[in-house]
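Colleague: Predicted model and sequence follow; I will ask about them next.
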Amino acid sequence: MALLPETARQVDLLVARAQAEGHAPSLALGVVRNGELAHVALAGEHPRPDVDLQYRIGSITKTMTAVLVMQHRDAGRLALDDPLDKHLPGTPVGALTVRQLLGHASGLQREPDGEWWERAAGRDLDTLLAGLTPDKIAYPPHRLYHYSNLAYGLLGAALERIAGAPWADLLTERLLAPLGMRRTTVLPAEPYARGFVVHPWHETLREEPLTDSGAMAPAGQLWSTVEDLARWATFLADPDPALLDPATLTEMCVPVAISDLDSWTGGHGLGVEFYRVGERVYVGHGGSMPGYVAGLAVHRPTRTAVVDFANSYGMRGGHHISALGREVLTRVLDAEPTAPAPWRPAAAPPAAELTELTGRWWWMGVEYGFRVDAAGDLVGGMVGGPPLRFTPEGPDRWRGRSGPQDGEILTVVRDSAGTPVALDIATFVLTRTPDQAP
């Protein structure tokens, strides 16, 4: 569904202002809702952007590398707490774990040795590994958040060793091809925007070299388009279970480290960044390579996202491509909140063994209420408290699926006549009246 005209006008204005004040040769932004491009805003003429024009996406590549790692974890080929040495034996940083590397909590230094890898011809894997020394660990693991491109080069190397195939082939086979991301490539494919640095004094453009990052490609090599990155944003909002268990993506979105300890507005999970804007939390990633900046921000609860690109290395006037994306995403969500799903009556009354669990329950003088929904789950919770959901696992046994009881077991306690008299939720016992002792 397209954005309302007034919302679209505001988005277009934000993009036009960012391009003009930020001195970006071209800027492209897409708003994604429920898997579709709801709006595209384009600005600039060097070159004139469109939804099929490639830009370099830099570190957004890391989100795809992380999903490849989690696919292998789910298949039993690795564990998050595996030391790197298990998959890359003999490295002097082999005690670091896969989890620490994914979440930038390993303490590993930011870049590999040698020339600035983003602007130089990439080295092969053997050369990358040969450059590792024990002093590459800048901080003890989990001491603090420390962003590391090198960590993702090593994760890509581990994937290649585990799968016996190049990272680029794994990426194409397991993600790009199944998702229809035909215009996301390791090397640029026409039409693509040339990347520039804007001169600070006379505002001319200097074209940047198009480098192949070699063994560091898993950290930031890819090129993509508005249409393709919209597909990736859709996947991060609601993944295809054939490619990744939705529960695994939810696991990826649990914070490993907070990157902003003063205000807790940013953090990092297993390959994705977090941005807290007001009462909402977005997941995604920023990206930059010489001549390019890109952003990806997803609000998973509403399946709404923004992707954006510019072909300049940074922007002027305080503008930032990722901040622009988050501002647009917030504007869209505020102006056009997602309508709740309509209520529908149940087709038939639930079985008697379910209805006898519904109604009022009490714990320490606090009232709880439960009902059975159309899926046969027990839902409710403390009056005014966080919603709880329990799914059946067997006779009188239910598994928590939301809120503070997620994963916990609810056991139905019956008297000698078989009547439910208590609900035991992980040792917290609810009774039918506030006068009953638990």
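Modeller: Structure's in. What do you need? Numbers count the residues shown, from 1 in each chain.
Colleague: So what touches the longest helix anywhere in the chain?
Modeller: Looking only at the chain and at elements set by DSSP state H, the helix with the highest residue count is helix 5-22. Counting by C-beta atoms under 8 Å, 6 or more residues apart in numbering, the neighbours of helix 5-22 from elsewhere in the structure are 2-3, 24, 26-27, 29, 31, 39, 41-44, 308, 310, 312, 315-317, 319, 321, 324, 327-328, 331-332, 335-336. Using the backbone N, CA and C atoms, a C-beta is placed for each residue, glycine as well.
Colleague: what about that helix, average pLDDT?
Modeller: In this model, helix 5-22 has an average pLDDT of 97.
Colleague: Pretty sure Ala422 sits in a helix.
Modeller: No. Assessed with DSSP: H, G, I helix; E, B strand; the rest coil, Ala422 is strand; it does not lie in a helix.
Colleague: between the following helix or strand past the longest helix of the chain and helix 5-22, how many degrees?
Modeller: Following helix 5-22 in sequence order, the next helix or strand is strand 26-33 (DSSP states H and E). Here strand 26-33 points in a direction 150 degrees away from that of helix 5-22 (axes from the mean of the first three to the mean of the last three C-alpha atoms, to 10 degrees).
Colleague: just checking, next helix/strand downstream of strand 26-33?
Modeller: Helices and strands here follow DSSP H and E; after strand 26-33, the next one along the chain is strand 36-44.
Colleague: If you average the pLDDT over that following strand, what comes out?
Modeller: Here strand 36-44 scores 97 as its mean pLDDT.
Colleague: chain center to that strand, what's the gap?
Modeller: Taking C-alpha atoms, centre = their mean, to the nearest Å, one finds strand 36-44 lying 22 Å from the centre of the chain it belongs to.
Colleague: and if you look at stretch 77-84?
Modeller: On the basis of C-alpha atoms, centre = their mean, stretch 77-84 sits 20 Å off its chain's mean C-alpha point.
Colleague: In it, which residues are buried?
Modeller: Using 16 or more other C-beta atoms under 10 Å as the burial criterion, the residues of stretch 77-84 that qualify are Leu78, Leu80, Asp82, Pro83, Leu84.
Colleague: ok, the first one touching Thr97?
Modeller: What it means is Leu78. No. At 10.3 Å, Leu78 and Thr97 do not qualify as touching, with contact defined as C-beta atoms under 8 Å.
Colleague: Phi, psi for Gly400 please.
Modeller: phi -70, psi 140 (degrees, to the nearest 10).
Colleague: Read off the pLDDT value for the nearest residue to it once chain neighbours are set aside.
Modeller: On the basis of C-beta to C-beta, 6 or more residues apart in numbering, the spatially nearest residue to Gly400 that is not a chain neighbour turns out to be Glu408, at 4.3 Å. At Glu408 the predicted local distance difference test score is 96.
Colleague: For Glu408, list the residues it contacts.
Modeller: So, once contact is read as C-beta under 8 Å, 6+ apart, Glu408 ends up touching Arg399, Gly400, Ile425, Ala426.
Colleague: Please produce a PyMOL select command covering the buried subset of those.
Modeller: To isolate the buried ones among the contacts of Glu408 in PyMOL, judged by 16+ other C-beta under 10 Å, type:
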select buried, resi 399+400+425
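Colleague: what's the closest of the contacts of Glu408 to Val412?
Modeller: Ile425 (10.5 Å; C-beta to C-beta).
Colleague: ok, and the closest non-adjacent residue to the closest one?
Modeller: Spatial nearest neighbour of Ile425, chain neighbours left out: Leu410 (4.9 Å); criterion: C-beta to C-beta, 6+ apart.
Colleague: Quick check: which helices or strands does the helix or strand that neighbour falls within pack against?
Modeller: If you go by DSSP H and E, Leu410 is part of strand 409-414. In terms of contact count using 3 or more C-beta pairs under 8 Å, 6 or more residues apart in numbering; DSSP states H and E, strand 409-414 is assigned the packing partners strand 397-400, strand 420-425.
Colleague: Sheet partners, orientation included, of the shortest one?
Modeller: Right, strand 397-400. Paired with strand 397-400 in the same sheet, following DSSP bridges, are strand 388-394 (antiparallel), strand 409-414 (antiparallel).
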